[in-house]
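In: how would this look folded up:
(one chain, ligands or ions: 1)
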Amino acid sequence: MTIQWFPGHMAKARRQVTEKLKLVDIIFELVDARLPLSSRNPMIDDIINQKPRLVILNKEDMADPAATKEWIAYFKERGIESVSVNSQAGNGLDKIVKAAEMILKEKWDRMRARGMKPRAMRAMIVGIPNVGKSTLINRIAKKNIAKTGNMPGITKAQQWIKTAKNLELLDTPGILWPKFEDPEIGYKLALTGAIKDSILNLQDVAIWGLRFMEDRYPSRLEERYGFKQLPDDMAAVFEQIGERRGCLSSGGGIDYDKVTDIIIRDVRSMQFGRLTLDIPPKKA
Ligand SMILES: Nc1nc2c(ncn2[C@@H]2O[C@H](COP(=O)(O)OP(=O)(O)OP(=O)(O)O)[C@@H](O)[C@H]2O)c(=O)[nH]1
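Out: Residues are numbered from 1 along each chain as shown. Below is the predicted model of the structure:
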């Protein structure tokens, strides 16, 4: 991920999504199921401007299943339909089609009432980098019956992926920017790999991750690193992990950078199991 989100890039991304909005009936807003709020673009409501929308919580296989259920209920309470899927395995694609049909039902009924022939629903995927947009598009494309080609003579025509199930998907997603002025959101995005590793101090990211594990999943932290509770002195924590995992620097001491990498890699490669980093808000 090399995109730096300067104001010019944001304006361009927004313009590209706005232009394509006219072509579709529904937006598939893809988020990371581990971060259902932090991986949303902060201006998404404004950008899609009343267009019907389905939130897709992708990478459900990496998220805490109980939390995913709570997040789906959270969106529902706010009038937003959502489904969870694992695009890598191709699980849940039927759920997407069903939910889209439900969301667009009234519009389709109106078209039928006017004597119009039902046509396929047209959708586009939007989301911040790394949430799995290309993976989902490729999954759907693999299951497709035919991929429509460019219209002759129109060099930049959109390509539509036709699925067997009355859905046509734009083959290029809309890429929007994440928001990471809030340090907490930044740590979460960094820990899941949604923003470049050079943006934040990785040791801070690793420490945030350890504190999160202590708070939410203490038994998994203990199992992996041997700490029931973390001492205030984080250097001691790094040293213990470093000793266990053989992270020695050339001078013989503990190599803190190696320990940092191990902690971050352990989260990303699910050594702590399925984690949801955005905590579903408690019901009022
Ligand atoms: N475990 C798991 N990994 C997934 C899933 N979907 C995507 N991935 C992985 O997430 C990473 C990012 O996926 P992409 O499809 O490249 O994400 P993208 O949103 O297109 O990313 P950009 O091109 O940066 O905008 C890849 O390593 C995928 O293999 C999923 O459902 N489960």
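In: The stretch 101-250 of the chain against the ligand: which residues are in contact?
Out: For the stretch 101-250 of the chain, the residues in contact with the ligand (C-beta under 6 Å from any ligand atom) are 127, 129-135, 175. Placement of C-beta: from N, CA and C, glycine included.
In: Highest neighbour count among those?
Out: Going through these with other C-beta atoms under 10 Å as the criterion, the one with the most neighbours is Val131, at 30 neighbours.
In: now for the residues of the stretch 101-250 of the chain next to the ligand, which pair is the farthest apart?
Out: Checking those against each other with C-beta to C-beta, the farthest-apart pair comes out as Thr135 and Ile175, at 13.8 Å.
In: Show me what the residue of the stretch 151-284 of the chain at minimum distance from the ligand is bridged to.
Out: Nearest to the ligand, among the residues of the stretch 151-284 of the chain, is Ile175, at 4.9 Å (C-beta to the nearest ligand atom). Applying DSSP bridges to Ile175 yields these beta-bridge partners: Gly127.
In: what pLDDT does it get?
Out: With respect to pLDDT, Ile175 has a value of 93.
In: do the same with Asp25
Out: On pLDDT, Asp25 comes in at 97.
In: give me the number of residues near it?
Out: Here the neighbour count serves as a burial measure; for Asp25 (other C-beta under 10 Å) it reads 19.
In: for it, what are its contacts?
Out: With contact set as C-beta atoms under 8 Å, 6 or more residues apart in numbering, Asp25 has these partners: 52, 104, 107, 121-123.
In: can you give me phi and psi for it?
Out: In terms of degrees, to the nearest 10, the main-chain angles of Asp25 are phi -90, psi -30.
In: one step back: which neighbours do Thr135 and Ile175 share?
Out: Residues touching both Thr135 and Ile175 do not exist when contact is defined as C-beta under 8 Å, 6+ apart.
In: In strands only, show me the contacts of Asp25.
Out: Among those, DSSP state E puts 121-123 in strands.
In: what's the following helix or strand after the lowest-mean-pLDDT helix or strand in the chain?
Out: Of all the helices and strands that make up the chain, the one with the lowest confidence by mean pLDDT, DSSP states H and E is strand 146-147; it has a mean of 44. As assigned by DSSP states H and E, the chain's next helix or strand after strand 146-147 is strand 160-162.
In: Could you report the neighbour count for the residue lying closest to Phe227 once chain neighbours are set aside?
Out: Closest residue in space to Phe227, ignoring its immediate chain neighbours: Leu221 at 5.8 Å, by C-beta to C-beta, 6 or more residues apart in numbering. Counted with other C-beta under 10 Å, the burial measure for Leu221 works out to 22 neighbours.
In: do the same with the one 3 residues further on
Out: Other residues within reach of Arg224 by the criterion other C-beta under 10 Å amount to 17.
In: can you pull the pLDDT of it?
Out: Looking at Arg224, its pLDDT stands at 95.
In: Isn't it up against Ser269?
Out: No: counting by C-beta atoms under 8 Å, Arg224 stays clear of Ser269, with 11.6 Å between them.
In: Which stretches in the stretch 101-250 of the chain count as helices?
Out: 105-113, 133-142, 183-191, 202-216, 218-225, 234-245 (DSSP state H, counting those that start in this stretch).
In: deepest of those, which one?
Out: Relative to the other members of these, helix 183-191 carries the highest mean neighbour count by mean count of other C-beta atoms under 10 Å, namely a mean of 21.
In: which residues make contact with that helix from outside it?
Out: Under the criterion C-beta under 8 Å, 6+ apart, external residues in contact with helix 183-191 comprise 35, 38-39, 178-180, 195, 197, 199-200, 202, 204-205, 208-209, 264, 267-268, 277-278.
In: cool, and stretch 43-57?
Out: With C-beta under 8 Å, 6+ apart as the test, stretch 43-57 has contacts from 14, 17-18, 21, 24-33, 36, 41, 63, 68, 71-72, 75, 80-85, 96, 99-100, 103-104, 107, 125-126, 136, 176.
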